[in-house]
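Novice: Below is the sequence, then the predicted model.
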Amino acid sequence: MIEGAANLPEPLSSVLQDGIKLNDAVAALRRYSLINVTDDMFSVHRLVQAVTLDRLDENEKKRWAEAAVKLVNKAFPFYSDDVTTWPACSLLLAHALTSTKLAEKLEVAPETTGRLLNQAGIYLKGRADLLDAKALHERALAIGEKVYGPDHPQVAIYANNLGLVLQSLGDLQGAKKHYERALAIDEKVYGPDHPDVAIDVNNLGFVLKSLDDLQGAKKHYERALKIFQKSLGDRHPNTKTVQNNLNSLEK
């Protein structure tokens, strides 16, 4: 069975879950040159896509746009900053960009769309495609604010990730603003000693160091370290990362 097929609308769902029906459908589409098949993949020409979409009524467009963005979201790696996931991310990026654009236009599946934009943005940042990453994170943040409200933890995640891209672009004040917003949200939701708060505090220490505020950076690293030590232990990777950040101030 093709992964995610059960979540697609009928009759496509049933066809994809039945090997014989799928082979028959693919053969028919190939006969009319409507798809190209290579190995275990097939593609549809952009013109065919455009004509098919144009023939759908508004409700059908929304139905299939939602199905598409949910399917790509399910397939797109969560750890998209891990280089081992990049081959999959690379294959799925164009689908992510197309499906999220259509979902936004038709105003369907906003939570899924925001998540997919965020993951694609993380991947692009890792590939040093910073301007495109910034655009995706800005879209994710705008969707998050609309769906969850301005003070939701998911908004803090999106704000943090946008801050990381801004810092990489050299917009240190912009990064600091987003880190501070994420921290305010997470402190309100989780309290002062939660690991998510420590992530925000560490990020603030990171940008303060870049701003040459070494005392401010030290204060934030020390706070993040205490939270991680208490909640995760001395051997956790997050604890070790913050310890290394703190040690770097002494060099």
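Specialist: Happy to help now that I have it. As the structure is a prediction and not an experimental result, all values here were calculated from the model.
Novice: Give the burial count for residue 103, as a bare number.
Specialist: 26 (other CB atoms under 10 Å). The way it works is simple: take the backbone N, C-alpha and C, and place the C-beta from them, glycine included.
Novice: Residue 11 now?
Specialist: Counted with other CB under 10 Å, residue 11 comes out at 10.
Novice: what do you get for residue 152?
Specialist: Neighbour tally, residue 152, other CB under 10 Å: 15.
Novice: Which phi and psi values does it adopt?
Specialist: phi -100, psi 150 (degrees, to the nearest 10).
Novice: can you map out the helices along the stretch 151-251 of the chain?
Specialist: 153-168, 172-190, 195-210, 214-231, 237-248 (DSSP state H, counting those that start in this stretch).
Novice: tilt between the second one and helix 214-231?
Specialist: Think helix 172-190. Here the directions of helix 172-190 and helix 214-231 differ by 30 degrees (axes from the mean of the first three to the mean of the last three CA atoms, to 10 degrees).
Novice: Could you name the helices and strands sitting against helix 172-190?
Specialist: helix 153-168, helix 195-210 (3 or more CB pairs under 8 Å, 6 or more residues apart in numbering; DSSP states H and E).
Novice: coming back round to it: need the helices of the stretch 151-251 of the chain in a markdown table with distance to residue 52 and mean pLDDT, can you?
Specialist: Listed next are the helices of the stretch 151-251 of the chain as a markdown table, based on distance: least, CB to CB, whole Å; pLDDT from 0 to 100:
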| stretch | distance to residue 52 | mean pLDDT |
| --- | --- | --- |
| helix 153-168 | 33 | 98 |
| helix 172-190 | 40 | 98 |
| helix 195-210 | 43 | 97 |
| helix 214-231 | 51 | 97 |
| helix 237-248 | 47 | 95 |
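Novice: Can you pull the domain assignment for the chain?
Specialist: Domains of the chain are assigned by automatic domain parsing as 1-55, 57-148, 170-251.
Novice: And the second one, end to end?
Specialist: Across domain 57-148, the terminal residues are separated by 29 Å (CA to CA, to the nearest Å).
Novice: quick one: it to chain centroid distance?
Specialist: Remark: domain 57-148 is offset 6 Å from the chain centroid, using CA atoms, centre = their mean, to the nearest Å.
Novice: What mean pLDDT does that domain get?
Specialist: In this model, domain 57-148 has a mean pLDDT of 96.
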